[in-house]
Each structure stands twice: as C-alpha cells, then as structure tokens.
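Chemist: Any chance you can model this:
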Amino acid sequence: MKKLMATLGVTTALTLPALASAQTVTLHTQMRNYWGNPAYLAYYLTDPQGRYVRTLWLAYGERRYWPHLIDWYRATGGSPSAVAGVTGASVGSGRSLNVSVDLKQSLIDAGYQIRIDAAVEGMPESPNDVIVPLSSKNAGKPVAGRGYIQSFSFSM
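Modeler: Numbering: from 1, shown residues only. Next comes the predicted model:
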C-alpha cells in the first residue's frame, strides 16, 4: 500500500504542473455568405517574430488543396505531421465553426498570434484572412476577417 501511495504521489506531482500550465482556448469562426464550395481553413500560431509555431486546426477537404492555404502551407510544407489530430471538415458559406485547443499558458500575452488562411475551390485564396494577437485583452472580442471569414473570436 505504501508503494502504491508513493507511486501515486510522484505521478501526481509530475502531472499537475503540466495541467496547470495548459489553457483551453475556443476558436469561434463565422463565415461570410459567399457563392461557392465550402472553405478550407488553416488555423495556426506564430511567435512574436511571425514565425510558424504550430497548427491549431485544419478544416479541409483534400490534401491536394492545401497549397491554396498559402502562408500556412509555406510554413509547414504541407506536412501531414503538422495536422495530426487537428483536422475536420471544411466550412460552408454562412456556417460557423467552434474548435477548442489546449495551449501553454506561457503563450498567452507573450506576443504570439493566431492566424487563419482561407481558400475556396475555384475562387481567390485569402492568406492571413485573420491575424489576432493571443492576448487576454483580445479574448471574446470579435475581429473581422479580410476574405471568406466574416468574424473570428477566441475565448479562454
């Protein structure tokens, strides 16, 4: 029994700091009403210098269309490992998408940005449709997209 309690104590001590440093962030996206197929969206995080950090979510249909998500594709090279476990269906005109992701607490209010590239088959691409600083003061405040995205916000 003592051995079990000691093991539980050690694993709890190692696990709790990791959980405490994670923050669930929910991404809320409302698409414009446009004529065309559903949009592919690449949500990704960049550091304070604008360098790619990680993919947060990829709403897509087929991998062959990934190059149309211009800046995200350039940063990742379209690597399937960049999207492992963070993919879903493309998003239609006038529809909304809500996705929750876990981020390190240390990324918030540290100059990081959430970026979204958008593309619709047979229509112009919209790289950097949304760029918003990942800061507590921006949480819950909708920002307008520049292309297919009508508005985007995130909550923590």
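Chemist: ok now do the spatially most central residue of the chain, which residues does it touch?
Modeler: Closest to where the C-alpha atoms of the chain average out (C-alpha atoms, centre = their mean) is L56, at 3.1 Å. Neighbouring residues of L56 by C-beta atoms under 8 Å, 6 or more residues apart in numbering: 27, 43-45, 86, 99, 101, 114. Glycine gets a C-beta too; all of them are placed from N, C-alpha and C.
Chemist: of all those residues, which comes closest to L107?
Modeler: L45 (7.2 Å; C-beta to C-beta).
Chemist: So for that closest one, what's the nearest residue that isn't a sequence neighbour?
Modeler: V53 (4.4 Å; C-beta to C-beta, 6 or more residues apart in numbering).
Chemist: surely that neighbour meets Y112?
Modeler: Yes. Applying C-beta atoms under 8 Å as the test, V53 and Y112 come out as touching, 6.9 Å apart.
Chemist: where do the contact lists of those two overlap?
Modeler: Counting by C-beta under 8 Å, 6+ apart, the residues touching both V53 and Y112 are 45-47.
Chemist: Next, count neighbours for E125.
Modeler: 18 (other C-beta atoms under 10 Å).
Chemist: and it, backbone torsions?
Modeler: phi -70, psi 160 (degrees, to the nearest 10).
Chemist: From R74, how far out is it?
Modeler: 12 Å (C-beta to C-beta, to the nearest Å).
Chemist: what does V120 give?
Modeler: Separation of V120 from R74 (C-beta to C-beta) stands at 19 Å.
Chemist: Give me the more crowded residue out of those two.
Modeler: V120 (24 against 13).
Chemist: Look up the residues forming beta bridges with the more buried one.
Modeler: A39 (DSSP bridges).
Chemist: Extract the residue ranges of the chain that are flagged as low pLDDT.
Modeler: Within the chain, the set of residues satisfying pLDDT under 70 comprises 1-20, 61.
Chemist: the strands in it, which residues?
Modeler: 22-31, 39-46, 52-59, 87-88, 96-104, 113-120, 126-133, 143-144, 149-155 (DSSP state E).
Chemist: I'd like these laid out as JSON lines, including distance to P80.
Modeler: Formatted as JSON lines, the strands of the chain follow (distance: least, C-beta to C-beta, whole Å):
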{"stretch": "strand 22-31", "distance to P80": "21"}
{"stretch": "strand 39-46", "distance to P80": "13"}
{"stretch": "strand 52-59", "distance to P80": "10"}
{"stretch": "strand 87-88", "distance to P80": "10"}
{"stretch": "strand 96-104", "distance to P80": "18"}
{"stretch": "strand 113-120", "distance to P80": "17"}
{"stretch": "strand 126-133", "distance to P80": "21"}
{"stretch": "strand 143-144", "distance to P80": "30"}
{"stretch": "strand 149-155", "distance to P80": "25"}
